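Trainee: Here is a sequence with its predicted model. Questions after.
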Amino acid sequence: MRLTVKQLAKAYGYLWALRHFDLTLSPGEFVALLGPNGAGKTTLLKLLAGLTPPTAGVIELDGRPLTGTATAERGQIGLLAPAEHLYDQLTALENLRFFTALYDKDSSASALEKALLQVGLSARAQDYVGNLSAGMKCRLSIAKWQLLDPGLLLLDEPYGVLDGSGIDLLENFLKEHCARGHIVIMASHHVARALKLCDRALILHQGRLQFDQRKQTPWPAFEHAFGDFLPRTGP
Amino acid sequence: MTLLRQAYLLLRKDLLLEWRRRDSLLTMFFFGTLLLFVFHFAFDMPPDKVVELAPALLWLAFLFTGTLGLAQLFQAERDNHCLDALLLSPLDRGALFLAKTAFNLILMLLVESVVIPLFWILFNLSSWNLLPQLFLVTLLGTLGFCVLGTITAAITLRARARELLLPLVLFPLMIPVILATIRCMEMVLRTGSFGDAIAWLRLLIGFDVIFLTIGVLIFDWVIES
């Protein structure tokens, strides 16, 4: 999958949350989306997910524009938001069954049980999601996106609720996902972790793309941009 | 995946959630029967007089009861941003509309299947033989209510005062359905057949078909705006 974003902009009333955003991503790229609070990271993820319409600009997946009616393209996009997008009064297994059926993916009991086993939730398969902790819900979201296998996976602050083994699980999943030629864009304030995984870093500041570079070692340009635009409390 | 298959998956999920929570159905049952008792004590009339008022009273009860159900229609989707999860999926928005309309229709029909016989018992009406015809008219009227109700519930979904806004938007739009249903029921009760009510019945069917089609076509725009 190839993602192309041209002159993307989003305004909420008179406030521009994102302006003049251009991006082209090739299959298998892992992008760290960084920036202080209010930089426009979540707005960008929502635009890319098709959850909010842009004020201006175009998003294309493999050359086809992403619009509200592009159901086939929407099925290629995933958004992993920790502890969200799951029905509290369905069990873990029922949630996976519902979403895999909706995406027309393998919803066989063996596939779902295997996914739950991989994220360490096989013992909680029959528990209502509302009774799971935020970290467990995040693990269940990982299992969900493992099964749905989207070509473009967006992540919004995935580290906040995960424990050590949960973080390893997430990072291994993301590495495997990219290795299969899928694109990952992860918005995070955990700069060190995001940089460790990514091939490319973007820094947003006040709705504008201030930095876009492939990863290098050493990376003086990033250090400079990091100092200018990101909070000093990083690594 | 076809539109109907997607609608079936969503409807099955909604019915399962309702079976576990039972909050919408129980509230609607309770409120519907409560209104009947209020009407029973408020209107001390002989059965022949009640027959004239029965359609209006019944539909007053259905309107209020149905509005309670509509306010809860997207509750499961509001929790945990599940609506975003559905909008993110390759789901046809028309399927979401059909599933929510069918879900609401099932709840309403369950409530009505209790409320209508209870009304006959409370007001000591003898025309039990007309109940099948009245159920048919009620089904068409309820379908119209659910179709428009689902559209307006989706329009007001993100509004701050959605519970207040919903009836304000819905009730004026419902006037043709309510009028046709009440007139139709009144004629069936008076004459014992559909004879004079055919024109109103046609209006009801036409309304249902037109708005059901419009709903499937515009729900994409309604739910995303």
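Mentor: Alright, I've got the coordinates. Numbering: from 1, shown residues only, chains lettered A, B, ... in the order given.
Trainee: got the residue ranges for the helices in the chain?
Mentor: If you meant another chain, say so; for now it's chain A. Using DSSP state H, the helices of chain A run over residues A:41-49, A:71-74, A:92-102, A:109-118, A:134-148, A:164-179, A:191-197, A:220-229.
Trainee: The chain in question should be chain B.
Mentor: Here chain B has its helices, by DSSP H, at B:3-21, B:23-42, B:47-71, B:75-78, B:82-88, B:93-122, B:131-155, B:162-191, B:198-224.
Trainee: and chain A, which residues reach chain B?
Mentor: Contact residues (Cβ under 8 Å from any Cβ of the partner chain) of chain A with chain B: A:49-51, A:53, A:68-69, A:71-72, A:74-75, A:77-79, A:81, A:83-90, A:94, A:98-99, A:101-104. The C-beta positions use only the backbone N, C-alpha and C, and glycine is treated the same way.
Trainee: got the helices of chain A as TSV, with mean pLDDT columns?
Mentor: TSV is the format used below for the helices of chain A (pLDDT from 0 to 100):
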stretch	mean pLDDT
helix A:41-49	93
helix A:71-74	77
helix A:92-102	95
helix A:109-118	94
helix A:134-148	94
helix A:164-179	92
helix A:191-197	88
helix A:220-229	74
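Trainee: got those helices as a markdown table, with mean neighbour count columns?
Mentor: What follows is these, written out as a markdown table (neighbours: other Cβ atoms under 10 Å in any protein chain shown):
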| stretch | mean neighbour count |
| --- | --- |
| helix A:41-49 | 23 |
| helix A:71-74 | 17 |
| helix A:92-102 | 22 |
| helix A:109-118 | 16 |
| helix A:134-148 | 22 |
| helix A:164-179 | 16 |
| helix A:191-197 | 16 |
| helix A:220-229 | 14 |
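Trainee: Tell me the confidence at residue A:69?
Mentor: pLDDT for residue A:69: 61.
Trainee: Repeat that for residue B:1.
Mentor: Residue B:1 is assigned 67 on the pLDDT scale.
Trainee: repeat for residue B:121
Mentor: The predicted local confidence for residue B:121 is 88.
Trainee: how much space between it and residue B:109?
Mentor: Relative to residue B:109, residue B:121 is positioned 19 Å away (Cβ to Cβ, to the nearest Å).
Trainee: and the two? which has more neighbours close in?
Mentor: residue B:109 (15 against 11; other Cβ atoms under 10 Å in any protein chain shown).
Trainee: Surely the more buried one and residue B:142 touch.
Mentor: Yes - if you go by Cβ atoms under 8 Å, residue B:109 and residue B:142 touch, sitting 6.4 Å apart.
Trainee: Contact partners for residue A:102?
Mentor: By Cβ atoms under 8 Å, 6 or more residues apart in numbering or on different chains, residue A:102 lies in contact with B:1, B:6, B:9, B:86, B:89, B:90, B:91.
Trainee: one step back: would you format the helices of chain B as JSON lines with distance to chain A included?
Mentor: Shown next, in JSON lines, are these (distance: least, Cβ to the nearest Cβ, whole Å):
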{"stretch": "helix B:3-21", "distance to chain A": "5"}
{"stretch": "helix B:23-42", "distance to chain A": "11"}
{"stretch": "helix B:47-71", "distance to chain A": "17"}
{"stretch": "helix B:75-78", "distance to chain A": "6"}
{"stretch": "helix B:82-88", "distance to chain A": "4"}
{"stretch": "helix B:93-122", "distance to chain A": "8"}
{"stretch": "helix B:131-155", "distance to chain A": "14"}
{"stretch": "helix B:162-191", "distance to chain A": "19"}
{"stretch": "helix B:198-224", "distance to chain A": "5"}
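Trainee: So for residue A:120, which of these sits nearest?
Mentor: In terms of Cβ to Cβ, the element of those nearest to residue A:120 is helix B:82-88, at 22.2 Å.
Trainee: what does the closest one contact?
Mentor: So helix B:82-88 is contacted by A:49-51, A:74, A:77-79, A:81, A:84-87, A:99, A:102, B:10, B:74, B:76-77, B:96, B:157, B:223-224 (Cβ under 8 Å, 6+ apart).
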